Each structure stands twice: as structure tokens, then as C-alpha cells.
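Novice: Take a look and give me a structure for this.
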Amino acid sequence: MTEKAAEVISDTLKRKLSSKGDFLEDAHTLSQPIGFRIVALLLEKTMHINAISKELGVERRLVSYHLNALEEHGFVSSKYEISEEQKSKGKSIRKYWVTEKAVEMISDIKEPEVAVERELEKASGEYQENERATGMISSIKEILKRFFTLNKKH
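Specialist: Numbering: from 1, shown residues only. Down below sits the predicted model:
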């Protein structure tokens, strides 16, 4: 029973941590310098490709390539709007913004302890009726708490 509960918890955590795309592939996409700079810009405000290109001082085609990759991995979203800007008033432009996934991924990279805690809380909710599983999750939380505390000291 204990082994089965541990296996179920382990499988659930693996599934949760790898849900919505492969974590390593997502991390690789987000770690590209131009892509990361684009996300940083879009965290501040919604922008269209020409504004992003101008702000970063990067060719439009490179910005387009990275926006497509970021959108494919769910880090940015876009929609077409009618421009209100004087220069392009009345034209259809595509505006980009950062998704919740990007904000969460950046937070997870900066604070892995928070990411692990969030996933364990989700698993706890799924297994709350199973006392043994809940106890094991609590033990895992305690072990990880000690691990992260030790790592912060070094």
C-alpha cells in the first residue's frame, strides 16, 4: 500500500510538472536571449512586432521568429486589432502580450521552492481523502523545505 501510494504521488507530480508541454523544451525556448528580452518587454505592456523590433534594436524577422516560438510554447498570445496610432491608424496590426504561463515559468525559474510547493499543494488536493497519501505529501514537503533551506545557506 505504501509503495503504491508513493508511486501514485510520484506519477502525479511528474505529470503535473510536465503538463502543458515539456518543461525542458519550454525552458530552452524561454532562455533564448532575444525571446527572453521580448517577454520582458511584453511584461510591461502589449506591443506589436514593429514596436518590439524597434525597442530591442533587432531585425523584424528575428523578432517574428522568436514571437512564433514563444506563441507556440504558450508564453505569448496575440490578436489582430485596428491601430489607433497616427502613423498606422485604421490598419490591422497584431498585438502581443505575455501569458500566465510565462509569468509562472519565470517565477518557477527564479523561485523553484515556490514552484515545487505549488505542485505539492495541487497533489494534496487530489489526494485529500487518502490519509496515507496526504501524510506522504506532508513528509515530502518537509524534506524539500529542509533541502531548499540548506541550498540557500550554500
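
Novice: which intervals of the protein have sub-threshold pLDDT?
Specialist: Across the chain, the ranges flagged by pLDDT under 70 are 1-24, 108-120, 123-154.

Novice: Domains in it, by residue range?
Specialist: Per automatic domain parsing, the structural domains of the chain span 1-19+111-154, 32-103.

Novice: can you pull out the helices in the chain?
Specialist: For the chain, the helices defined by DSSP state H occupy 2-18, 23-31, 33-44, 49-56, 60-72, 100-110, 112-126, 131-153.

Novice: how close does Lys45 get to Arg61?
Specialist: Using Cβ to Cβ, to the nearest Å, Lys45 is found at 23 Å from Arg61. Glycine gets a C-beta too; all of them are placed from N, C-alpha and C.

Novice: brain fart, Trp97
Specialist: When distance is defined by Cβ to Cβ, Trp97 is 21 Å away from Arg61.

Novice: same deal with Glu81?
Specialist: Distance of Glu81 to Arg61, given as Cβ to Cβ: 22 Å.

Novice: Those two: which has the busier surroundings?
Specialist: More crowded of Glu81 and Arg61, by other Cβ atoms under 10 Å: Glu81, with 13 against 10.
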